[in-house]
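Peer 1: Following is a predicted model, sequence given first.
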Protein chains: 2
Amino acid sequence: MPRVTLADVSRHAGVSRSTASLVLNDSPTIPLSTKTRVRQAMAELGYVYNRQAATLRNQKSMAIGLAVTEVSNPYFAELAMALDDAAYANGYTVVVGYSRDDTERQDHLISTLLERGVDGLILLPAALSEATSIDRLLAGSRTPLVLLARHFNLAHDYVGADNRTGGQLLGRHIQSIGARTVALVGGPEYTSARVERTEGMKSVFDSAGIRLEPSTVLASETTPAGGAKATAELLDSGILPDVIVAYSDVIAGGIYAELHARGLEPGRDIAVAGFDDIPGSAQMIPPLTTVATFPNKIGTACAEMIFSRIADPEPDNGHEHVLIEPRLRIRASTASWRPRTPS
Amino acid sequence: MPRVTLADVSRHAGVSRSTASLVLNDSPTIPLSTKTRVRQAMAELGYVYNRQAATLRNQKSMAIGLAVTEVSNPYFAELAMALDDAAYANGYTVVVGYSRDDTERQDHLISTLLERGVDGLILLPAALSEATSIDRLLAGSRTPLVLLARHFNLAHDYVGADNRTGGQLLGRHIQSIGARTVALVGGPEYTSARVERTEGMKSVFDSAGIRLEPSTVLASETTPAGGAKATAELLDSGILPDVIVAYSDVIAGGIYAELHARGLEPGRDIAVAGFDDIPGSAQMIPPLTTVATFPNKIGTACAEMIFSRIADPEPDNGHEHVLIEPRLRIRASTASWRPRTPS
DNA sequence: CAAAACTACTGGATCGATCCAGTAACGTGA
DNA sequence: TCACGTTACTGGATCGATCCAGTAGTTTTG
């Protein structure tokens, strides 16, 4: 049996297709009596709205594309869910794809989302992707783009954490507990977030005389296992800093494990801190000091921005960067640490 | 400027729309010379394929809908990403939505996905959802449905872990370390997965004389904080079992924290085990014994099933249940525990 | 009471890719 | 040389909701 269309509904209700369509869109020009009659017909026939057809005619898909690297990182998961919440609240649907930090796959993904006619595109760029290739894909399309959590420069709309401030907050805290040497462990080789967090800390360290040598800045996969591996490398090189800062909290679990395996207790023998404040950071042993970056707020702000760009694609004020204020959560992993008294 | 259509391309290349369409689909009836000419025209004009239009004509959207409760649980995140991988490999796109374990939102989500004309629907049902309301939404549509990770009965296609076997594996291990009393902590009040895991363990416990009283089976949110809270309740009631089994590994982190807060060391004073083997379980302190359930395998199998249902919607052999074999990972959280010697 | 204004509704055209039946041009074999 | 086959291509109709210009009928107004 063929699918039930608006034409079938209108025939069954004794009106025209146009009228049935107006009822669907709850037009004020149709009296309630007619509306109920048409709606009844829809229910009786089991009518299902065909949004493809409407999209074709309207040039509006009521869908937003979300291209994100991955979601096994709970931080990104929170972002994606906050975006979905906002989309849902605004009647939009999310079409999603994961680049897995692969630029080729990201390019393919962006093309696919554009083919599907998404009204707006949100991109959490793969670690090594470049602005030019993304701009090339978007060229010609009027689909607004908002970058999420990572950015290239000021040439795109962007919503993310204020990583620099976050780095400063943590840097000042590290200074306040009397630490003299710091290592930075984990995270992808290069992302704007990592650079900004590091720069934020450095700006404090430099004026406080705290050492963060390039040799103690190690990249890793953003997983507990990656964190453990990078920590092993660090300790194998004979360096034992006062503080290890994890690029993100997921990595910190691995740092704890590797320290433990070597008889070092995090929070007592060495301070540890992270970024993001994912669920679980407060339940680590000891609880992890971290810079909360509020992925739900970022996701919500990002959704707001894309919706405003969909409504008005070319604002006068150029590209906008919205930075969500981070907040330091001091917990035992740094708070219970004491500097070794020079004997 | 209006969008570039196939008509524009064909005009520019000096062929008909039909020919341009055949080139798009790489038809063997078109000689290479014509193909290159048309493709050149596409490149020159910056043509972007409009899949909406094709979908309307074809009755095939090349999209699958994924309705999942949430993705902040890394287990579900892995599932979603494995599904996306398989979709990507088969030229499909994923349209996603999160029900957040809310049945109303789930219903809305399913309707939306059907409106969007997805070729297949994958559902990880909200904890309290019922088969009837889902069947009602799907009635009339020919969209195949596959349930993921949770199911109702045998009336739907389903892919998930073999939770019963997983429970048995863990149960036997618990028996082998000499434990006599067990508590089960965390997870939603009712899901098929929880029931099956519990039943699997019970079947071993009952014949081994191990006690798992209803009063030591506590539900919680599936987060570390939820696990901590449930553990506090358990211990507050004055019960100290030999083993605490977490419904899933995310919860185990909270169990560790709460035990620690009360001066109990997991793996020494009390054994702890979980389910899923998420990234991080091996880096817990002590490393967590768990039943690996391979979300990537489940996601892949689920994708395979939906694609075969899309190709052939009504197989003779009724509804299929595919269960992925779990595997026990024995680690220190149980392996280093010793029963208290009766003094 | 005629003109204007409003209410309730309608039919054809449209969005863009695809399918289908068909055609013109050319080559081949008896 | 003509029927037949093949190759390369074409134009109109189609999917289903929506827009637009328009119309019949009713009510209001000068």
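Peer 2: Perfect, I can see it now.
Peer 1: can we go C-alpha only for contacts and neighbour counts from here?
Peer 2: OK.
Peer 1: So which residues of chain A form strands?
Peer 2: Along chain A, counting by DSSP state E, strands occupy A:63-68, A:93-98, A:120-123, A:145-148, A:157-161, A:182-185, A:217-218, A:243-246, A:271-276, A:289-292, A:321-324, A:327-329.
Peer 1: right, so those strands: which one is the most enclosed?
Peer 2: The highest average neighbour count among these, using mean count of other Cα atoms under 10 Å in any protein chain shown, belongs to strand A:271-276 at a mean of 28.
Peer 1: For residue B:78, find the nearest of the strands of chain A.
Peer 2: For the strands of chain A, the distance to residue B:78 is smallest for strand A:93-98, at 11.4 Å, taking Cα to Cα.
Peer 1: quick one on the thing from earlier: would you turn the strands of chain A into TSV with distance to chain B and mean pLDDT?
Peer 2: TSV is the format used below for the strands of chain A (distance: least, Cα to the nearest Cα, whole Å; pLDDT from 0 to 100):
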stretch	distance to chain B	mean pLDDT
strand A:63-68	9	98
strand A:93-98	4	97
strand A:120-123	14	98
strand A:145-148	17	97
strand A:157-161	19	97
strand A:182-185	16	97
strand A:217-218	19	96
strand A:243-246	15	98
strand A:271-276	14	98
strand A:289-292	15	98
strand A:321-324	20	97
strand A:327-329	16	98
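Peer 1: mind checking which of those is nearest residue A:193?
Peer 2: Between these, strand A:157-161 lies closest to residue A:193; by Cα to Cα that is 8.2 Å.
Peer 1: roughly how far is the closest one from the heart of the chain?
Peer 2: 9 Å (Cα atoms, centre = their mean, to the nearest Å).
Peer 1: same check, this time on stretch A:279-298
Peer 2: Distance of stretch A:279-298 from its chain centroid, counting by Cα atoms, centre = their mean, is 15 Å.
Peer 1: Also stretch A:325-341?
Peer 2: In terms of Cα atoms, centre = their mean, the centre of stretch A:325-341 is found 26 Å from the chain centre.
Peer 1: same thing with stretch A:116-128?
Peer 2: 11 Å.
Peer 1: Same check on stretch A:24-32?
Peer 2: Mean-position distance between stretch A:24-32 and its chain equals 40 Å (Cα atoms, centre = their mean).
Peer 1: and it, does that touch chain B?
Peer 2: No: on the criterion Cα under 8 Å from any Cα of the partner chain, stretch A:24-32 is out of touch with chain B, staying 13.3 Å away.
Peer 1: hmm, who's touching that stretch?
Peer 2: A:19, A:22-23 (Cα atoms under 8 Å, 6 or more residues apart in numbering or on different chains).
Peer 1: wait, does it make contact with DNA strand C?
Peer 2: Yes: on the criterion Cα under 7 Å from any atom of the strand, stretch A:24-32 is in touch with DNA strand C at A:29-31.
Peer 1: For that stretch, the averaged confidence score.
Peer 2: The predicted model assigns stretch A:24-32 a mean pLDDT of 93.
Peer 1: and the gap between the nearest residue to residue A:196 once chain neighbours are set aside and residue A:46?
Peer 2: Counting by Cα to Cα, 6 or more residues apart in numbering or on different chains, residue A:196 lies nearest to residue A:164, which is 4.9 Å off, once chain neighbours are set aside. Residue A:164 sits 55 Å away from residue A:46, going by Cα to Cα, to the nearest Å.
Peer 1: ok, these two, which is more surrounded?
Peer 2: residue A:164 (20 against 17; other Cα atoms under 10 Å in any protein chain shown).
Peer 1: ok, now how distant is the more buried one from residue A:201?
Peer 2: Residue A:164 is 8 Å from residue A:201, by Cα to Cα.
Peer 1: Setting aside sequence neighbours, what's the nearest residue to residue A:163?
Peer 2: Leaving aside its chain neighbours, residue A:163 sits nearest to residue A:197 (4.9 Å; criterion: Cα to Cα, 6+ apart).
Peer 1: number of nearby residues for that neighbour?
Peer 2: Using other Cα under 10 Å, residue A:197 has 23 other residues around it.
Peer 1: Now do it, the pLDDT please.
Peer 2: Here, the pLDDT recorded for residue A:197 equals 97.
Peer 1: From what I see, it and residue A:169 are in contact.
Peer 2: No: using Cα atoms under 8 Å, residue A:197 is not in contact with residue A:169; the gap is 10.0 Å.
Peer 1: Residue A:324 against residue A:161, yeah?
Peer 2: Yes: Residue A:324 lies in contact with residue A:161 (Cα under 8 Å); the separation is 4.7 Å.
Peer 1: hang on, the earlier thing: what about the strands of chain A, which gets the closest to residue B:98?
Peer 2: Nearest of these (Cα to Cα): strand A:93-98, 9.9 Å.
Peer 1: Packing partners of that closest one?
Peer 2: In terms of contacts (3 or more Cα pairs under 8 Å, 6 or more residues apart in numbering or on different chains; DSSP states H and E), strand A:93-98 is packed against strand A:63-68, helix A:74-89, helix A:103-115, helix B:74-89, strand B:93-98.
Peer 1: Turn those into JSON lines, including distance to residue A:333.
Peer 2: JSON lines is the format used below for the helices and strands packed on strand A:93-98 (distance: least, Cα to Cα, whole Å):
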{"stretch": "strand A:63-68", "distance to residue A:333": "31"}
{"stretch": "helix A:74-89", "distance to residue A:333": "20"}
{"stretch": "helix A:103-115", "distance to residue A:333": "36"}
{"stretch": "helix B:74-89", "distance to residue A:333": "24"}
{"stretch": "strand B:93-98", "distance to residue A:333": "34"}
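Peer 1: closest to residue B:244 out of the ones you listed?
Peer 2: Of the helices and strands packed on strand A:93-98, the one closest to residue B:244 (Cα to Cα) turns out to be helix B:74-89, at 20.2 Å.
Peer 1: Okay, angle between the closest one and strand A:93-98 too, please.
Peer 2: If you take axes from the mean of the first three to the mean of the last three Cα atoms, to 10 degrees, helix B:74-89 sits at 90 degrees to strand A:93-98.
Peer 1: how far off helix A:103-115 does helix B:74-89 point, in degrees?
Peer 2: Going by the same axes, to 10 degrees, helix B:74-89 makes 80 degrees with helix A:103-115.
Peer 1: Sounds good, over and out.
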